[in-house]
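Engineer: here is a sequence together with a model predicted from it:
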Amino acid sequence: MNKNVRSIVKTGFILFVIGFLCTLILSVCNYMTKGTIERLAAESEREAMVATLSEADHFVKLPHIGEGIVTGVFEGVDKDKNIVGYCVKVYPVGYGGEISMIVGIDTDHKVTGVDIVNMSETPGLGAKAKDESFYNQYIGKSGLVSVKKSGTPNENEISAISGATVTSKAVTQGVNAALEIVKKLR
């Protein structure tokens with residue numbers, strides 16, 4: 001082998017070893033933190049459920065319920081074991097990807113709260129969906145909700161976030177999916 005080929009093989013082998021070691025270290029770190037990440041995600045979900053259906057003392061996951069963007073439904077139960085409503089986990093797709101949300105709905109089919117657990121929307125625009133002034137518009141809505149771009153919204157309409165209509169429509173899609181699935185349950 002000439003000197004040039006030997007140098008290329010040596011450099012390739014060194015790069016392979018470095019890549020292998022980096023992959024091994026990342027795999028070990030992922031394995032070590034997986035449980036903590038899952039626990040923190042579950043805590044965030046629980047906090048969102050408490051925020052969206054505050055009358056509930058605890059939540060019971062309903063088995064095998066979910067379709068489309070709905071991935072889970074939880075019954076909210078009070079201290080006297082009465083069902084006070086439902087928390088629905090939905091994943092609509094906004095401008096920046098999936099939006100992880102919990103929607104609280106009482107037994108009268110009215111939205112009691114919306115909590116965005118995780119999203120990747122544009123900072124300063126779509127990220128405004130996490131502002132109380134936006135998501136509080138859904139509270140008390142009972143029919144299908146639509147988005148109004150400008151002007152005063154009617155009874156089952158919400159005002160879109162200026163410059164973030166896609167995000168507004170995605171959150172509304174999540175709320176509507178939650179209302180529909182709860183309607184099917186009752």
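Structural biologist: Yep, that arrived.
Engineer: helices of the protein, start to end?
Structural biologist: Listed from the start of the chain, the chain has helices (DSSP state H) covering 3-52, 132-135, 165-185.
Engineer: any idea how far the first one is from the chain center?
Structural biologist: On the basis of C-alpha atoms, centre = their mean, to the nearest Å, helix 3-52 is displaced by 24 Å from the centre of the chain it belongs to.
Engineer: give me the mean pLDDT for it.
Structural biologist: Helix 3-52 shows an average pLDDT of 90 in the prediction.
Engineer: among the helices of the chain, which is nearest residue 106?
Structural biologist: Closest of these to residue 106 is helix 165-185, at 9.3 Å (criterion: C-beta to C-beta). All C-beta spots, glycine's among them, are computed from the backbone N, C-alpha and C.
Engineer: would you mark the buried spots in that closest one?
Structural biologist: Neighbour counts using 16 or more other C-beta atoms under 10 Å place 166-179, 181-182 of helix 165-185 among the buried residues.
Engineer: that one to helix 3-52, inter-axis angle?
Structural biologist: Helix 165-185 and helix 3-52 are oriented at 60 degrees to each other (axes from the mean of the first three to the mean of the last three C-alpha atoms, to 10 degrees).
Engineer: neighbours around residue 73, how many?
Structural biologist: Burial measure for residue 73: 24 neighbouring residues, criterion other C-beta atoms under 10 Å.
Engineer: that one pairs with what?
Structural biologist: Per DSSP bridges, the residues bridged to residue 73 are residue 88.
Engineer: ok, it touching residue 62?
Structural biologist: Yes. At 4.7 Å, residue 73 counts as touching residue 62 under the criterion of C-beta atoms under 8 Å.
Engineer: give me the common contacts of those two.
Structural biologist: A shared contact of residue 73 and residue 62, defined by C-beta atoms under 8 Å, 6 or more residues apart in numbering, is any residue touching both; here these are residue 185.
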